[in-house]
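>>> Fold the following.
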Amino acid sequence: VQLVESGGGLVQPGGSLKLSCAASGFTFSSHGMRWYRQAPGKERELVAVITNDGGSTMYSDSVKGRFTISRDNAKNTVYLQMNSLKPEDTAVYYCNTIKYIRDTPYNYWGQGTQVTVSS
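You can find the predicted model right below:
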């Protein structure tokens with residue numbers, strides 16, 4: 001399993017960024033996907049979830065109404081569109097999936113992409 005995030009960077013407050021996570025090594029269309037983030041000195045936080053077919057999504061209260069998770073199963077890619085960014089959104093963003101092997105769940109993570117919101 002390989003997850004590779006991209007799209008992070010420096011953006012001013014109120015700006016937008018779109019993160020991508022390219023997946024390989026597993027049947028992407030059969031797995032839900034998640035975006036997490038981790039700010040310095042803080043625990044990793046679940047930001048958004050999308051089901052395997054994209055039919056259902058869930059967001060943390062801190063990003064609801066500003067972030068949108070989506071996926072393209074033909075491209076094995078999950079996205080996170082981030083609008084109205086705030087300084088408190090500054091963090092390393094990770095995509096994640098859980099794969100079950102013989103009924104044991106395994107978490108897989110990408111390397112992360114840095115998002116910095118600052119003027």
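>>> Please make it C-alpha for all contacts and neighbour counts, starting now.
Fine.
>>> Point to the residue nearest the middle of this protein.
Taking CA atoms, centre = their mean, the centroid of the chain lies closest to residue 35, which sits 2.5 Å from it.
>>> what helix or strand does that one sit in?
strand 33-38 (DSSP states H and E).
>>> Just list what that strand packs against, helices and strands only.
strand 45-50, strand 91-101 (3 or more CA pairs under 8 Å, 6 or more residues apart in numbering; DSSP states H and E).
>>> Just put the ones you listed in a markdown table and tack on mean pLDDT, mean neighbour count and distance to residue 13.
As requested, the helices and strands packed on strand 33-38 are arranged in a markdown table below (pLDDT from 0 to 100; neighbours: other CA atoms under 10 Å; distance: least, CA to CA, whole Å):
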| stretch | mean pLDDT | mean neighbour count | distance to residue 13 |
| --- | --- | --- | --- |
| strand 45-50 | 98 | 21 | 19 |
| strand 91-101 | 94 | 20 | 14 |
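>>> Check the closest residue to residue 44 other than its chain neighbours and give its pLDDT.
In space, and not counting its chain neighbours, residue 44 is closest to residue 38: 4.4 Å by CA to CA, 6 or more residues apart in numbering. Note for residue 38: predicted pLDDT of 98.
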